[in-house]
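Enquirer: fold the following for me, if possible:
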Amino acid sequence: MADIKFDIVKEFGVLSENAKGWRKEVNLISWNGGAPKYDIRDWAPDHEKMGKGTTLSEEEMKNLKEILGELL
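Expert: Residues are numbered from 1 along each chain as shown. The predicted structure follows:
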């Protein structure tokens, strides 16, 4: 499997943390040198491992914010 390179450009916050210390975080991440995207996924302590997650463009993040604003 190819090695995935990432750079966490900005950490926005933690949504939750489990008993093993893994945290669901919202970050701005550059994947494999690409343009940074918003990212929501589980991370092991110190970001040495990651779980499955989702990445969002700026437009998708704006749409999500609008949808959540209507729900809450």
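
Enquirer: where along the chain do the strands fall?
Expert: Per DSSP state E, the chain carries strands over the ranges 6-17, 23-31, 37-43, 50-56.

Enquirer: need the ones you listed in TSV with mean pLDDT, can you?
Expert: Output for those, formatted as TSV (pLDDT from 0 to 100):
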stretch	mean pLDDT
strand 6-17	97
strand 23-31	98
strand 37-43	98
strand 50-56	97
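
Enquirer: what's the closest non-adjacent residue to residue 10?
Expert: Residue nearest to residue 10 in three dimensions, not counting chain neighbours: residue 28, with 4.2 Å by CB to CB, 6 or more residues apart in numbering. Heads up, the C-betas are built off the backbone N, CA and C, glycines and all.

Enquirer: go ahead and confirm that neighbour touches residue 9.
Expert: Yes - assessed by CB atoms under 8 Å, residue 28 is found in contact with residue 9 at 4.5 Å.

Enquirer: look at these two and report which has more neighbours.
Expert: Legend: neighbour count by other CB atoms under 10 Å for residue 28 and residue 9, higher for residue 28 (16 against 12).

Enquirer: okay then, goodbye and thanks.
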